[in-house]
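Colleague: predicted model, plus sequence, below.
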Amino acid sequence: MSGLFALLDDVAALVRLTAASLDDIAGAAGRAGVKAAGVVVDDAAVTPRYVQGLEPKRELSIIGRIARGSLRNKLLFILPAALLLSQFAPWLLTPILMLGGAYLCYEGAEKIWELLSGHHPAAEETSESAAADPAAHEKKVVSGAVRTDFILSAEIMVISLNEVASEGFWPRALILVLVAVAITALVYGAVALIVKMDDVGLGLAARDSGPVSALGRGLVRAMPIVLSVLSTVGIAAMLWVGGHILLVGVDELGFAPPYAFVHHLEVLVHDATGPLGGFLGWLTNTVGSAIVGAVVGAVIVVVMHLLPKRATGAAHA
């Protein structure tokens, strides 16, 4: 009997150890996910535009296909590559992260340029394509969304990886799997809710109950505003996250002045504003990062769009 009790005691100790390890992994996954929050906001803000103009009954199906593509990106391509790099070439992670940050800056600056110049992708061509061949158009929409998601997912995974770089290989892998699944569910669950909220509003507006009907009408009126705000938040998040990644990256690569300047401003504001110091200090860092992101993004937009057009015009002349 004493042997049986000893065995049970060992099993109980093993269960406690496993539970503690799982708690540690869950906590680390949560911290890693929080660090990637800016890119998550960007991802959630960008995705709804892919289903605008499509048949409402197809919206959830398309979002589901994009979500599956996003999870496939994270688990089958990005996760193995990130783990291999972190194991054998960790020095490459910062440059790769900075490339992704520069891409986010470019995306944000390009959207600002489109708003200021009045240049937008041709909506009429999109509508005509959807009407002519809906299946092919849906496939094109999903493919484009999954390609864009690949960049955002890579940023999320590498940011998360940086937060758990001190963990062992298998705990690191498990944490990243948890982050990938949780963030994909969070982002695309939120997107599905946002996209279908106007349908919920229409359903409530048709009810006989006065307050319920009023709530439904309010939701229908509010959704265009919500989508507009999300679009603005998405642009700001791209510039903020991209700029911050670049600031931290150049600091880690040995060029400290840009990051030191922004951090110095953050500390000054934090120390000068009392109880609001934490928030205002963070806001100062965020605005500084967004300005860096806007400048870098604007330079890339000029190189990618304006200079080739001028060169083409000069060649025709």
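Modeller: Yep, that arrived.

Colleague: host element of residue 152?
Modeller: helix 134-163 (DSSP states H and E).

Colleague: now the following helix or strand past that helix: buried residues?
Modeller: Of the helices and strands lying after helix 134-163 in sequence (DSSP H and E), the nearest is helix 169-205. By neighbour count on 16 or more other Cβ atoms under 10 Å, the buried set for helix 169-205 is 171-176, 178-180, 183-184, 187-188, 190-192, 194-199, 201, 204-205. To be clear about C-beta, it is placed using only N, CA and C from the backbone, and glycine gets the same treatment.

Colleague: for helix 169-205, enumerate the helices and strands it packs against.
Modeller: For helix 169-205, the packing partners by 3 or more Cβ pairs under 8 Å, 6 or more residues apart in numbering; DSSP states H and E come out as helix 2-35, helix 37-46, helix 56-72, helix 79-88, helix 134-163, helix 210-252.

Colleague: where among the ones you listed is the average confidence lowest?
Modeller: Among the helices and strands packed on helix 169-205, helix 2-35 carries the lowest mean pLDDT, a mean of 44.

Colleague: distance check, residue 230 against residue 69.
Modeller: 21 Å (Cβ to Cβ, to the nearest Å).

Colleague: same check, this time on residue 210
Modeller: 43 Å.

Colleague: higher neighbour count, the two?
Modeller: Using other Cβ atoms under 10 Å, the more surrounded residue of residue 210 and residue 69 is residue 69, with 19 against 8.

Colleague: ok, for the more buried one, nearest residue in space, not its chain neighbours?
Modeller: residue 146 (3.5 Å; Cβ to Cβ, 6 or more residues apart in numbering).

Colleague: look up how far residue 153 lies from that neighbour.
Modeller: With Cβ to Cβ as the criterion, residue 146 and residue 153 are 9 Å apart.

Colleague: what touches both of the two?
Modeller: 70, 73 (Cβ atoms under 8 Å, 6 or more residues apart in numbering).

Colleague: much appreciated, bye for now.
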